[in-house]
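*Asks:* Can you look at this prediction? I've put the sequence above it.
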Amino acid sequence: MAVSSSSLILSPPSLTKSHLTSLSLSWKQLPRNLSLPRHHRRRAPPIFAVVVSMNSKPTILVAEKLGDAGLDLLKSFANVDCSYNLSPEELCTKISLCDALIVRSGTKVSREVFESSGGRLKVVGRAGVGIDNVDLAAATEHGCLVVNAPTANTVAAAEHGIALLTAMARNVAQADASIKAGKWQRNKYVGVSLVGKTLAVMGFGKVGTEVARRAKGLGMNIIAHDPYAPADRAHAIGVDLVSFDEAIATADFITLHMPLTPATSKILNDENFAKMKKGVRIVNVARGGVIDEDALVRALDAGIVAQAALDVFTVEPPPKDSKLVNHENVTVTPHLGASTTEAQEGVAIEIAEAVVGALRGELAATAVNAPMVPSEVLIELKPYVTLAEKLGRLAVQLVAGGSGVKTVKVTYTSARAPDDLDTRLLRAMVTKGLIEPISSVFVNLVNADFTAKQRGIRISEERVILDGSPQKPLEAIRVQIANVESRFASAISELGEIKVEGQVKDGIPRLTKVGDFGVDVSLEGNIILCRQVDQPGMIGLVGSILGEENVNVSFMSVGRTVPRKQAIMTIGVDEKPSKEALKKIGDIPAVEEFVFLAL
Ligand SMILES: NC(=O)c1ccc[n+]([C@@H]2O[C@H](COP(=O)([O-])OP(=O)(O)OC[C@H]3O[C@@H](n4cnc5c(N)ncnc54)[C@H](O)[C@@H]3O)[C@@H](O)[C@H]2O)c1
Ligand SMILES: O=C(O)[C@H](O)COP(=O)(O)O
């Protein structure tokens, strides 16, 4: 057995255009560079490539207003059709004549659009961050690359957050409307001061960090909640990372900057409004869906929330009779966070470069879908790809809040020579598993290293080379996260790192180790990990608690170190058990710790 290792991600970056360019690869080179077994090399075509005939200029449809510098760049390369405010039908008609489409958040790029393109549409460029309006699955199915512009509007969004914060505190919008209606109501619009007040920044990523910096300049005391942000990055700008409950309970102002994910959907709800200081004020420039809008109306009516300032809504545009929008203590803007001249110029250039590069057959570092792996390799690696992603997902969910993921090691045990096992796809999938549950970023082969680097996550790889014939590409994959605490202490190995390991058995990815405990369960659905005193009757006890809740158990396995001492029970469940059911499991005297993990 031999071991070789390499370090892939360097220190946290300051990205420039030249960095982005240097990350671009030629798509046509990829099949040869990837982990194609020798006998397949040079035969397999890429399953995903932009192929545009260079005999005539390609046509790019720009469906929403784009900055001039970006348009000029597009025009130097292609025929550009700027048609704004198209109806869905008009878009479907036009699209069959276009090789690329550029949109912002206002155009729905639905499955019908891809179907109507008749295969001609090769690239969709989203001039901005969120791609909620693009049907990614349909794009991929139709061989269409989707690229976005994730960084150019960060400052604009942060500035808009500050604009809403200050305008809300001083009733600027309401007072403006009042004076224009012929009134002069100086007593009615007395505001509140910001200096010395506590602002909770929920989501300490690109935008949240910039908001925190600016709010410090206003003399505010800043706390932040972000389970995945490193505490030292926050400390560096004088911000304390705190728990969710502490943040919402101590804040005078709350500003939201997390992505919309299953975990953050309606995270501000009745239960959480009830925990807030009476008179709290809320700003949202993230995504409407992170607030339960009906609950916010109730909290405003009850005086728990004194005011809210919102740039984003669950449904955009919101209905005209929306109680929230029409509430007298609510200030609204029509999703203007990214709408400054400067940001739109930056976004336009970023997206134009990405679209032109893609039409030329280059890889964009900001591609959000691009499984550019030869089909033979994909077929062979498919279960390992799933295994890698699920191990990443498991590992990051085991991290305790506030720890901040920085150092990750992936170990591949294989009898294949390194030359015959390119691990870039597997590493990308581990990265995807680590990052996607905690962000709005879409991670794939193209942008995985870029995304990890941008977040300051250092991923190193190690090969353990087995003797023997390489029947299968890999024996096992192990993911370790160093320098963190775990929500499940048993996941920490002897070396003090969170450790999960898996194998593919009969084509099915399985979890085979948690910390130093051996387990053996298929990686599907959701998992409850439970450390208990090894004694009879435990499976029945837990099973009946879940049964009473009508939670379907797909499997259970018990692994132990020493009989009658400690065991790890792994329970697969189709549904998420209620908090009460999980509490009942935790209350079983023999249960020492447990954790629920969504795969
Ligand atoms: N209104 C606008 O026009 C506008 C403009 C730009 C961005 N946005 C939105 O702002 C949000 C933030 O964008 P960004 O570029 O800063 O993204 P980002 O990925 O850089 O930052 C998001 C942060 O949220 C954190 N996070 C994830 N889950 C969390 C949770 N449960 N609780 C707290 N924090 C959590 C992540 O760790 C990350 O640090 C996104 O929703 C984006 O779509 C809106
Ligand atoms: O996701 C984004 O980039 C922002 O929400 C901005 O969207 P917009 O480009 O439609 O303004």
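*Replies:* That came through, no problem. Residues are numbered from 1 along each chain as shown. Ligands and ions are numbered 1, 2, ... in the order given.

*Asks:* drop to CA atoms for contacts and neighbour counts, all remaining ones
*Replies:* Fine.

*Asks:* And the lengthiest helix in the chain, what does it pack against?
*Replies:* The longest helix of the chain (DSSP state H) is helix 375-397. Using 3 or more CA pairs under 8 Å, 6 or more residues apart in numbering; DSSP states H and E, the elements in contact with helix 375-397 are helix 424-435, strand 476-482, strand 498-505, strand 508-514, strand 591-598.

*Asks:* just checking, what packs against the fourth one?
*Replies:* Counting by 3+ CA pairs under 8 Å, 6+ apart, the packing neighbours recorded for strand 508-514 are helix 375-397, strand 498-505, strand 517-522.

*Asks:* List the buried residues for that strand?
*Replies:* Ile508, Pro509, Arg510, Leu511, Thr512, Lys513, Val514 (16 or more other CA atoms under 10 Å).

*Asks:* before we move on, the earlier item: distance to Val464, mean pLDDT and mean neighbour count added to the helices and strands packed on strand 508-514, as JSON lines?
*Replies:* JSON lines is the format used below for those (distance: least, CA to CA, whole Å; pLDDT from 0 to 100; neighbours: other CA atoms under 10 Å):
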{"stretch": "helix 375-397", "distance to Val464": "16", "mean pLDDT": "87", "mean neighbour count": "22"}
{"stretch": "strand 498-505", "distance to Val464": "14", "mean pLDDT": "96", "mean neighbour count": "24"}
{"stretch": "strand 517-522", "distance to Val464": "19", "mean pLDDT": "88", "mean neighbour count": "20"}
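
*Asks:* Contacts only, for the residue of the stretch 401-550 of the chain found nearest ligand 1.
*Replies:* Residue of the stretch 401-550 of the chain nearest ligand 1, by CA to the nearest ligand atom: Ile438 (3.9 Å). Listed by CA atoms under 8 Å, 6 or more residues apart in numbering, the contact partners of Ile438 are Tyr228, Pro259, Thr261.

*Asks:* By neighbours, which of the residues you listed wins?
*Replies:* Tyr228 (23 neighbours; other CA atoms under 10 Å).

*Asks:* For it, give me its contacts.
*Replies:* Counted by CA under 8 Å, 6+ apart, Tyr228 has contacts Gly401, Gly402, Ser403, Gly404, Val405, Ile438.

*Asks:* where does the first one land on pLDDT?
*Replies:* What it means is Gly401. Note on Gly401: pLDDT of 75.

*Asks:* could you give the angle of the longest helix of the chain to strand 498-505?
*Replies:* Relative orientation of helix 375-397 versus strand 498-505 (axes from the mean of the first three to the mean of the last three CA atoms, to 10 degrees): 150 degrees.

*Asks:* can I get the CA coordinates of helix 375-397 in CSV?
*Replies:* Extracted C-alpha coordinates of helix 375-397, given in CSV (Å, rounded to 0.1, in the frame of the first residue of the first chain):
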residue,chain,number,x,y,z
SER,A,375,-20.2,9.2,-20.7
GLU,A,376,-18.1,6.1,-20.1
VAL,A,377,-16.3,7.7,-17.2
LEU,A,378,-19.6,8.9,-15.7
ILE,A,379,-21.2,5.4,-16.0
GLU,A,380,-18.3,3.9,-14.1
LEU,A,381,-17.9,6.6,-11.5
LYS,A,382,-21.7,7.3,-11.0
PRO,A,383,-22.1,5.5,-7.6
TYR,A,384,-18.8,7.0,-6.4
VAL,A,385,-19.9,10.4,-7.5
THR,A,386,-23.0,10.0,-5.4
LEU,A,387,-20.9,8.6,-2.5
ALA,A,388,-18.5,11.6,-2.7
GLU,A,389,-21.4,14.2,-2.6
LYS,A,390,-23.2,12.4,0.2
LEU,A,391,-20.1,12.1,2.4
GLY,A,392,-19.5,15.8,1.9
ARG,A,393,-23.1,16.6,2.9
LEU,A,394,-22.9,14.3,5.9
ALA,A,395,-19.6,15.8,7.1
VAL,A,396,-20.7,19.4,6.8
GLN,A,397,-23.9,18.7,8.7
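
*Asks:* mind listing what the following helix or strand past that helix pairs with, with the direction of each?
*Replies:* Counting by DSSP states H and E, the next helix or strand C-terminal to helix 375-397 is strand 407-414. Neighbouring strands of strand 407-414 in its sheet, by DSSP bridges, are strand 458-465 (parallel), strand 476-482 (antiparallel).

*Asks:* Now tell me which of those strands the model trusts least on average.
*Replies:* Mean pLDDT per stretch puts strand 458-465 lowest among these, at a mean of 93.

*Asks:* By neighbour count, which of the contacts of Tyr228 wins?
*Replies:* When neighbours are taken as other CA under 10 Å, the top entry among those is Val405 (25 neighbours).

*Asks:* which ones are touching that one?
*Replies:* Val405 makes contact with Tyr228, Ala229, Pro230, Val396, Val399, Ile457, Ile481, Ala482, Asn483, Val484, according to CA under 8 Å, 6+ apart.

*Asks:* Next one, pLDDT for whichever residue of the stretch 301-450 of the chain sits closest to ligand 1 please.
*Replies:* As assessed by CA to the nearest ligand atom, ligand 1 sits closest to Gly337 within the stretch 301-450 of the chain, at 3.3 Å. At Gly337, the model reports a pLDDT of 98.

*Asks:* That one: what's it in contact with?
*Replies:* Neighbour list for Gly337: Asn153, Ala156, Ala157, Ala158, Glu159, His160, Gly161, Val285, Asp311 [criterion: CA under 8 Å, 6+ apart].

*Asks:* would you list the residues you listed in CSV and tack on neighbour count?
*Replies:* CSV is the format used below for the contacts of Gly337 (neighbours: other CA atoms under 10 Å):
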residue, neighbour count
Asn153, 25
Ala156, 21
Ala157, 27
Ala158, 25
Glu159, 19
His160, 24
Gly161, 29
Val285, 26
Asp311, 21
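
*Asks:* Let me know the closest of those residues to Ala200.
*Replies:* Nearest to Ala200 among the contacts of Gly337 is Gly161, at 12.6 Å by CA to CA.

*Asks:* picking up where we left off before, of all the strands paired with strand 407-414, which one comes closest to ligand 2?
*Replies:* strand 458-465 (26.4 Å).

*Asks:* give me the residue from the stretch 151-300 of the chain nearest ligand 2.
*Replies:* Closest residue of the stretch 151-300 of the chain to ligand 2, CA to the nearest ligand atom: Asn153 (6.5 Å).

*Asks:* May I have the secondary structure class of Ile568?
*Replies:* strand (DSSP: H, G, I helix; E, B strand; the rest coil).

*Asks:* How about it: what's its closest non-neighbour residue?
*Replies:* Nearest residue to Ile568, sequence neighbours excluded (CA to CA, 6 or more residues apart in numbering): Arg531, at 4.5 Å.

*Asks:* what angle sits between the host helix or strand of the one you found and strand 508-514?
*Replies:* Per DSSP H and E, Arg531 falls inside strand 526-533. Relative orientation of strand 526-533 versus strand 508-514 (the same axes, to 10 degrees): 30 degrees.

*Asks:* Report the strands that pair with strand 526-533, each with its relative direction.
*Replies:* By DSSP bridges, strand 526-533 pairs with strand 566-573 (antiparallel), strand 591-598 (antiparallel).

*Asks:* start to end distance for stretch 512-526?
*Replies:* 16 Å (CA to CA, to the nearest Å).

*Asks:* got a list of contacts for that stretch?
*Replies:* Under the criterion CA under 8 Å, 6+ apart, residues 387, 390, 490-494, 497-503, 508-511, 555-561, 568, 570, 572-576, 596-599 lie in contact with stretch 512-526.

*Asks:* Now the element after the strand holding Arg531, going C-ward?
*Replies:* helix 538-548.

*Asks:* buried residues in that next one?
*Replies:* Met538, Val542, Gly543, Ile545, Leu546.
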